[in-house]
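Engineer: Below are the sequence and a predicted model for it; my questions follow.
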Amino acid sequence: MKYIIITILSLNLLACGVLSEPETEKWSANKIYEEAKDAFAVGDFESAIRYYELLEARYPFGKYAQQAQLEIIYSYFKYEEPASAIAAADLFIKLYPRHPKVDYAYYLKGLVNFELHRGTLDRFLPVDRSQREQTAAVQSFQDFSELIARFPDSEYSKDARQRLVHLRNRAAQHELHVANFYMKREAYLAAANRAKIVIESYQRTPSVPYALIILARAYKIMGLQDLSDSTLDVLKLNYPDHHGIAKIENLVAK
């Protein structure tokens, strides 16, 4: 609630700059709305946001008010203000839970976090940083899952489902990178535990065979030959032509 109150105050303060401009004083709601749409169309997202905020402040109960609140979410997203976009989406969902387009607000929340995730997950740093970078991905997964659960027939649900597959694959890939990080530092038990997360929690993702390789290698290096052999058997059964099989067989245990 505190977050939403702060957001409302911020929107009103930002709108004050436009409210003080003489040329807008006599503008109708329709005029302001069209100016916002025109600004957005040419990529002037800052002006679009200011006009939408003006519309909300001056005509809070007009026919364009709710549409403006919805469109400002995407405007913030395009203006690369993800925190403001998410706050605006949360506010819209809270105020208008039964709005016919509320599914769009849920979708935009997921999209904002999806883009945040995509922009940071490619930079794998030490483990503690990598863990923190997963936050946007987890939130995006939750947002899209909620959209699908609440609005399975929404026009946005198909895209959301495709993004969930991507997020799941990337989450598995992230765990794989962390497992490799541990292997390079000879922390074999930690590497094995991370590999098992991929195998157990992210079945049918492209990362599974590579996780099996890491797990079999880690077991063999630690002298746990039986566990290494059983893991290798699983790899051979499910991925008989995988190039990593020979590497494990030729590996000499320490």
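Structural biologist: Arrived safely. All values derive from a computational prediction rather than experimental measurement.

Engineer: So for stretch 92-112, mean pLDDT?
Structural biologist: Mean pLDDT, stretch 92-112: 96.

Engineer: what about that stretch, how long is it end to end?
Structural biologist: Start and end residues of stretch 92-112 are separated by 15 Å (Cα to Cα, to the nearest Å).

Engineer: Quick check: buried residues in the helix or strand hosting Tyr104?
Structural biologist: Assigned by DSSP states H and E, Tyr104 falls within helix 102-120. In terms of neighbour count (16 or more other Cβ atoms under 10 Å), helix 102-120 has its buried residues at 102-118, 120. In short, each C-beta sits where N, CA and C put it, glycine included.

Engineer: Figure out how far stretch 140-150 is from the centre of its chain.
Structural biologist: For stretch 140-150, the gap between its own C-alpha mean and the chain's C-alpha mean amounts to 11 Å (Cα atoms, centre = their mean, to the nearest Å).

Engineer: Run through who's touching that stretch.
Structural biologist: Contacting residues not belonging to stretch 140-150 are listed as 103, 106-107, 109-111, 113-114, 116-117, 154, 156-157, 160-161, 163-164, 167-168, 171 [Cβ atoms under 8 Å, 6 or more residues apart in numbering].

Engineer: cutoff 6 Å now
Structural biologist: Residues outside stretch 140-150 that contact it (Cβ atoms under 6 Å, 6 or more residues apart in numbering) are Tyr106, Tyr107, Lys109, Gly110, Asn113, Phe114, His117, Ser157, Ala160, Arg163, Leu164, Leu167.

Engineer: tally of neighbours for the last one?
Structural biologist: When neighbours are defined as other Cβ atoms under 10 Å, Leu167 has 23 of them.

Engineer: Distance check, it against Glu34.
Structural biologist: In this view, Leu167 and Glu34 are 37 Å apart by Cβ to Cβ, to the nearest Å.

Engineer: now do the fifth one
Structural biologist: Between Asn113 and Glu34 the distance is 31 Å, computed by Cβ to Cβ.

Engineer: In the stretch 151-254 of the chain, where is pLDDT below threshold?
Structural biologist: Applying pLDDT under 70 to the stretch 151-254 of the chain flags residues 252-254.

Engineer: Helices of that one, residue ranges please.
Structural biologist: Along the stretch 151-254 of the chain, counting by DSSP state H, counting those that start in this stretch, helices occupy 157-184, 188-201, 208-221, 225-238, 244-250.

Engineer: now the angle from the fourth one to helix 188-201?
Structural biologist: Using axes from the mean of the first three to the mean of the last three Cα atoms, to 10 degrees, the direction of helix 225-238 lies 30 degrees away from that of helix 188-201.

Engineer: List the contacts of the spatially closest residue to Phe77 that is not a sequence neighbour.
Structural biologist: Excluding its sequence neighbours, the residue lying closest to Phe77 (Cβ to Cβ, 6 or more residues apart in numbering) is Ala85, at 4.4 Å. Ala85 is in contact with Ile73, Tyr76, Phe77, Val112, counting by Cβ under 6 Å, 6+ apart.

Engineer: Name the helix or strand for Ala85, please.
Structural biologist: For Ala85, the host element (DSSP H and E) is helix 82-95.

Engineer: relative to helix 102-120, how tilted is that helix?
Structural biologist: Using the same axes, to 10 degrees: helix 82-95 against helix 102-120 is 160 degrees.

Engineer: which of the residues in helix 82-95 are buried?
Structural biologist: Those would be Pro82, Ser84, Ala85, Ile86, Ala87, Ala88, Ala89, Asp90, Leu91, Phe92, Ile93, for helix 82-95 by 16+ other Cβ under 10 Å.
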